[in-house]
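Undergrad: Quick one, structure for this:
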Amino acid sequence: MLTLLENRGRWVAGLAGLCLPLSFAPFHWYPLAPVLLTILFLCWDGQSVRESMWRGFMFGFGAFLSGTYWLYISIHVFGQAPLAIAIMLMLGLVTAMGLYVAICGYWVARMNIRHDIIRWCLIVPACWTLIEWGRGWLITGFPWLSLGYGQIDGALRGWAPVAGVYGVTFITAVIAGVLTVLIKGEQQHRKFATGIIIGILIISWSLLDRQWTVPGNSDLRVSMIQGSVSQDRKWLPEQRQPTLDLYKRLTFAQKDGDLVIWPEVAVPDLDIRVSDYLNQISEQARARDMQLLIGILVAGEEPGQFSNSLIALGTAAGVYHKRHLVPFGEYFPVPGFVRNWMRLMSLPFVDTTAGPRVQSLIKVKDILVAASICYEDAFGAEQLDFLPAAQIIVNVSNDAWFGDSTAPHQHLQIARMRALEAGRYLLRTTNTGITAVISPTGHILDQLPQFEPGVLSTTIQPYSGATPYVRFGNEPIVVLSLLLITIGLYLSRAKAVKD
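TA: Model (predicted):
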């Protein structure tokens with residue numbers, strides 16, 4: 001096996017990367033992640049800087065090629081971009097993601113430390129974690145397929161409220177380092193590696209039943225509306241009124257309830273164009289002592305400006321404007337001449353206006369709600385802006401852009417991690433699925449089938465208190481990773497001087 005890794009390391013790393021998405025939803029083969037990462041570590045062992053970078057790139061390219069293939073669906077099938085442009089954009093992102101792992105390979109090769117335990121169980125996991133964290137915010141950030149998300153159903157899930165998703169990533173990489181030492185390390189190092197894995201299992205087991213937050217005494221009756229209006233029909237003029245009627249009918253079919261949530265941009269129009277409709281349903285909701293949270297485009301102060309928003313109607317008013325926009329989906333970081341070309345090609349070219357970083361929490365019967373829209377919930381550190389004040393988390397989305405692919409399942413898994421990190425209920429309402437109620441422990445309590453209109457009703461409790469992750473965010477795991485990398489650089493330099 002080691003000979004194969006030596007001679008065909010690039011292709012082995014690429015194949016391992018292609019298999020990595022199997023450790024995420026909807027497959028949930030989470031034990032596969034540390035095994036595949038071990039293969040990459042073995043591919044890196046003893047290689048030059050250039051070869052390590054190539055092997056890292058192949059792993060990352062393969063992982064994102066199979067893990068985010070659904071970008072093609074959103075760009076070409078529903079976005080109606082020409083095939084060549086769709087493939088170019090998809091491969092451009094996949095290549096960029098591969099470069100992150102190539103950078104990790106560079107640092108692994110540069111820190112060639114003799115001690116297997118220090119190198120594979122501490123330094124290399126720190127490099128992987130820091131690169132993954134950087135990928136989550138650099139430029140615009142793309143935190144998809146972070147290793148920690150795939151472990152939410154395994155024994156490592158208890159680390160999430162303590163150190164967040166990147167803490168789970170670090171522990172996953174440490175396990176891969178342990179497996180690497182067990183395969184190729186010296187006898188004394190293997191014994192030490194066995195002790196590390198036993199220690200991880202003991203701590204992980206002790207964290208599983210730990211409750212960091214406490215429920216309140218009041219209950220909140222919630223209904224989530226899944227209209228299931230297909231993306232290719234949503235914005236057709238003839239579909240506008242049927243969509244408005246559908247959401248109104250499903251909403252007021254509920255005999256009682258405190259809160260009804262509609263998905264992202266459930267209303268296919270600007271708020272100023274449907275003001276009469278909004279006033280009418282607001283009055284009906286108020287008469288029933290009900291509050292609505294409605295996804296809609298809100299017109300800005302200047303002509304042509306609008307924001308992707310969640311507005312509160314009925315018993316109380318409020319609004320949340322989406323803060324973290326999707327590049328090439330909601331804004332286009334391109335020069336003017338490219339916009340002119342996009343206009344000629346009938347491609348989207350108008351930017352959505354981002355909401356301010358600091359926004360007020362939405363109140364529902366004196367319960368504070370933290371809102372996020374679409375893939376904002378993938379940026380866990382940004383959600384901390386509303387915690388621990390918020391007692392419930394709401395995410396509205398429209399995964400219809402990705403059809404019947406793995407994307408909605410991966411997105412739901414990300415939402416589960418946010419609930420687990422915060423120790424609060426997360427109510428996830430989507431257009432075509434997967435609408436779900438997620439417990440403070442990250443478990444799915446109930447969900448609606450995809451591509452079917454329906455209403456998901458439940459009763460939940462607000463939670464208070466703060467998990468360690470809510471208190472400290474990503475700083476501890478980032479500082480630890482930087483410290484370990486600094487140690488690695490020092491030991492590597494000392495080794496070079498001694499040699």
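Undergrad: For the spatially closest residue to residue 357 that is not a sequence neighbour, give me its contacts.
TA: Distances taken as CB to CB, 6 or more residues apart in numbering place residue 323 nearest to residue 357, at 6.3 Å, with adjacent residues excluded. Glycine gets a C-beta too; all of them are placed from N, C-alpha and C. Residue 323 makes contact with 354, 355, 356, 357, 359, 376, 382, according to CB atoms under 8 Å, 6 or more residues apart in numbering.
Undergrad: For residue 389, see how far away the fourth one is.
TA: Note on residue 357: its distance to residue 389, by CB to CB, to the nearest Å, is 15 Å.
Undergrad: Spit out the contact partners of the residue most central in space within the chain.
TA: The geometric centre of the chain, computed from its C-alpha atoms, lies nearest to residue 378 (CA atoms, centre = their mean), at 2.8 Å. Counting by CB under 8 Å, 6+ apart, residue 378 touches 136, 143, 144, 411, 414.
Undergrad: Now it: phi and psi?
TA: phi -80, psi -10 (degrees, to the nearest 10).
Undergrad: From residue 156, how far out is it?
TA: In terms of CB to CB, residue 378 sits 19 Å off from residue 156.
Undergrad: and if you look at residue 428?
TA: In terms of CB to CB, residue 428 sits 23 Å off from residue 156.
Undergrad: Can you show me the helices along the stretch 1-150 of the chain?
TA: 2-7, 9-19, 32-44, 49-67, 71-72, 83-110, 116-118, 124-135 (DSSP state H, counting those that start in this stretch).
Undergrad: can you list these in JSON lines and add mean pLDDT?
TA: Listed next are those as JSON lines, based on pLDDT from 0 to 100:
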{"stretch": "helix 2-7", "mean pLDDT": "60"}
{"stretch": "helix 9-19", "mean pLDDT": "94"}
{"stretch": "helix 32-44", "mean pLDDT": "96"}
{"stretch": "helix 49-67", "mean pLDDT": "96"}
{"stretch": "helix 71-72", "mean pLDDT": "88"}
{"stretch": "helix 83-110", "mean pLDDT": "91"}
{"stretch": "helix 116-118", "mean pLDDT": "86"}
{"stretch": "helix 124-135", "mean pLDDT": "96"}
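Undergrad: And the strand or helix carrying residue 207, how far out from the chain middle?
TA: Residue 207 belongs to helix 187-208 when elements are defined using DSSP states H and E. Chain-centre distance of helix 187-208: 29 Å, with CA atoms, centre = their mean, to the nearest Å.
Undergrad: Using the record's assignment, carve this protein into domains.
TA: 2-211+474-498, 214-466 (automatic domain parsing).
Undergrad: so where is the stretch 301-450 of the chain shaky, pLDDT-wise?
TA: For the stretch 301-450 of the chain, applying pLDDT under 70 flags the ranges 328-351.
Undergrad: Return the residues in contact with the closest residue in space to residue 224 that isn't next to it in sequence.
TA: With sequence-adjacent residues excluded and distances taken as CB to CB, 6+ apart, residue 224 is closest to residue 429, at 4.2 Å. Counting by CB under 8 Å, 6+ apart, residue 429 touches 224, 225, 226, 261, 262, 263, 394, 395, 396, 397, 435.
Undergrad: Quickly list what residue 429 is bridged to.
TA: Residue 429 has these beta-bridge partners by DSSP bridges: residue 396.
Undergrad: burial measure for the closest residue to residue 24 other than its chain neighbours, as a count.
TA: Of all residues not flanking residue 24 in the chain, residue 150 sits nearest, at 4.4 Å (CB to CB, 6+ apart). Residues lying near residue 150 (other CB atoms under 10 Å) number 30.
Undergrad: shouldn't residue 150 be in contact with residue 30?
TA: Yes: with contact defined as CB atoms under 8 Å, residue 150 reaches residue 30; the gap is 5.0 Å.
Undergrad: Report the set of residues contacting both of those two.
TA: Joint contacts of residue 150 and residue 30 (CB under 8 Å, 6+ apart) are residue 23.
Undergrad: returning to that earlier point: want to try a markdown table for the helices of the stretch 1-150 of the chain, with mean neighbour count and distance to residue 484 as columns?
TA: As requested, the helices of the stretch 1-150 of the chain are exported to a markdown table (neighbours: other CB atoms under 10 Å; distance: least, CB to CB, whole Å):
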| stretch | mean neighbour count | distance to residue 484 |
| --- | --- | --- |
| helix 2-7 | 12 | 25 |
| helix 9-19 | 21 | 23 |
| helix 32-44 | 24 | 15 |
| helix 49-67 | 23 | 18 |
| helix 71-72 | 22 | 33 |
| helix 83-110 | 19 | 11 |
| helix 116-118 | 20 | 9 |
| helix 124-135 | 24 | 4 |
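Undergrad: And residue 189, what's its pLDDT?
TA: Looking at residue 189, its pLDDT stands at 82.
Undergrad: same thing with residue 270?
TA: 89.
Undergrad: so who does it touch?
TA: Contact analysis of residue 270 by CB under 8 Å, 6+ apart lists 296, 297, 298, 299, 306.
Undergrad: who's in contact with residue 254?
TA: The neighbours of residue 254, taking CB under 8 Å, 6+ apart as the test, are 223, 260, 290, 455, 457.
Undergrad: centre of the chain versus stretch 265-279, how much separation?
TA: When distances are taken as CA atoms, centre = their mean, stretch 265-279 is centred 29 Å away from the chain's centroid.
Undergrad: buried sites along that stretch?
TA: Under the neighbour-count criterion of 16 or more other CB atoms under 10 Å, stretch 265-279 has 265, 266, 267, 268, 271, 274, 277, 278 buried.
Undergrad: Can you show me the CA trace of it as CSV?
TA: Provided in CSV are the C-alpha atoms of stretch 265-279 (Å, rounded to 0.1, in the frame of the first residue of the first chain):
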residue,chain,number,x,y,z
VAL,A,265,-38.4,35.2,-0.6
ALA,A,266,-41.7,33.2,-0.3
VAL,A,267,-43.4,36.3,-1.8
PRO,A,268,-42.2,36.6,-5.4
ASP,A,269,-42.2,40.4,-5.5
LEU,A,270,-41.0,43.6,-3.8
ASP,A,271,-42.8,44.5,-0.6
ILE,A,272,-43.9,47.8,-2.0
ARG,A,273,-45.8,46.1,-4.8
VAL,A,274,-47.7,43.8,-2.5
SER,A,275,-48.4,46.2,0.3
ASP,A,276,-52.2,45.6,0.3
TYR,A,277,-51.6,41.8,0.5
LEU,A,278,-49.2,42.2,3.4
ASN,A,279,-51.5,44.6,5.3
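Undergrad: Appreciated, that's everything.
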